[in-house]
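everything below, folded, please.
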Amino acid sequence: MRLIGYTRSSDAREQAESHASQERTIRAWARASGHRIVRVISEPAGTRGTTTKRDGWADVLNALEDGQGDGIVVRELERLSRDVLVQEQLMRDVWGQDKEVLSTAPSEADLRDDPEDPTRRLIRIIIGAVHAHNRDMTVLRMQRGKRRKQQRGGYLGGTARYGYHPVDKELTPDQAEREVARRIRRLHRGGLSIRKIADQLNAEQVPAKRGGPWYPTTVARVLRRTP
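Residues are numbered from 1 along each chain as shown. Model prediction:
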């Protein structure tokens with residue numbers, strides 16, 4: 001298996017020695033286990049347990065996404081983090097790419113499903129439920145946002161209503177079309193039927209939306225949705 005080694009030290013003063021020691025252990029383990037280390041990525045100094053400010057970890061995930069390796073290996077899971085919850089989150093980052101997480105520690109040989117550690121299985125269930133809840137909440141927020149925007153007359157995609165053009169996902173008034181819409185309303189208030197209005201606009205070669213002809217349905221749509 002092609003593996004990317006990942007080293008990290010929380011002690012900046014001993015970082016260089018710690019990274020070298022971790023890399024030696026990883027390479028020796030890989031040779032003995034029949035794996036190949038294609039790259040070793042070390043976390044910069046001062047990185048703590050946080051998952052959002054790890055440049056090295058971002059490089060690991062990018063390398064896996066680019067197909068540079070089939071998984072990662074650490075000397076022990078504590079090199080990911082001493083926090084079990086953070087460990088699980090980082091491993092999920094890798095597993096989500098259908099790649100493997102390996103450890104040189106004999107006691108950490110089966111990280112995906114360790115029957116001797118029910119706590120980890122419970123944590124994975126909880127994390128999975130939290131992620132599912134977050135996804136549902138994201139969908140709900142998007143739906144609420146779209147609904148609110150729609151109620152305020154906002155643009156949600158598709159053909160913009162007559163009198164407006166979409167610009168950068170927002171509706172921008174088109175003064176020429178708005179003037180035509182006002183004329184349609186005046187003609188309708190004056191007693192002209194919708195069909196007669198469409199015929200008159202076509203006779204004058206006034207373009208409808210997308211430059212097409214006017215139909216009674218398009219005239220009615222303009223009357224229903226005043227720009």
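
which positions in stretch 200-207 come out as buried?
Counting neighbours by 16 or more other C-beta atoms under 10 Å, one finds that the buried residues in stretch 200-207 are 200-201. For glycine as for every other residue, the C-beta is placed from the backbone atoms N, C-alpha and C.

contacts for that stretch?
Residues from elsewhere that reach stretch 200-207 (C-beta atoms under 8 Å, 6 or more residues apart in numbering): 180, 184, 187, 192, 208, 213-214, 219.

am I right that Val73 sits in a strand?
Yes: counting by DSSP: H, G, I helix; E, B strand; the rest coil, Val73 is part of a strand.

tally of neighbours for Ser33?
Number of residues near Ser33 (other C-beta atoms under 10 Å) recorded here: 12.

circling back to that earlier point, of the contacts of stretch 200-207, select the buried ones using a ChimeraX command.
In ChimeraX, this line selects whichever of the contacts of stretch 200-207 come out buried by 16+ other C-beta under 10 Å:
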select :180,184,187,192,208,214,219
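
among the contacts of stretch 200-207, which are located in helices?
Using DSSP state H, the subset of these located in helices is 180, 184, 187, 219.

return the closest of those residues with respect to Ile125.
Distance to Ile125 across the ones in helices among the contacts of stretch 200-207 (C-beta to C-beta) is lowest for Val219, with 58.7 Å.

just checking, the closest one touches Arg185?
No: using C-beta atoms under 8 Å, Val219 is not in contact with Arg185; the gap is 10.2 Å.

ok, the contacts of stretch 200-207 vs Met142, which is closest?
Set against Met142, the nearest of these by C-beta to C-beta is Ala208 (32.1 Å).
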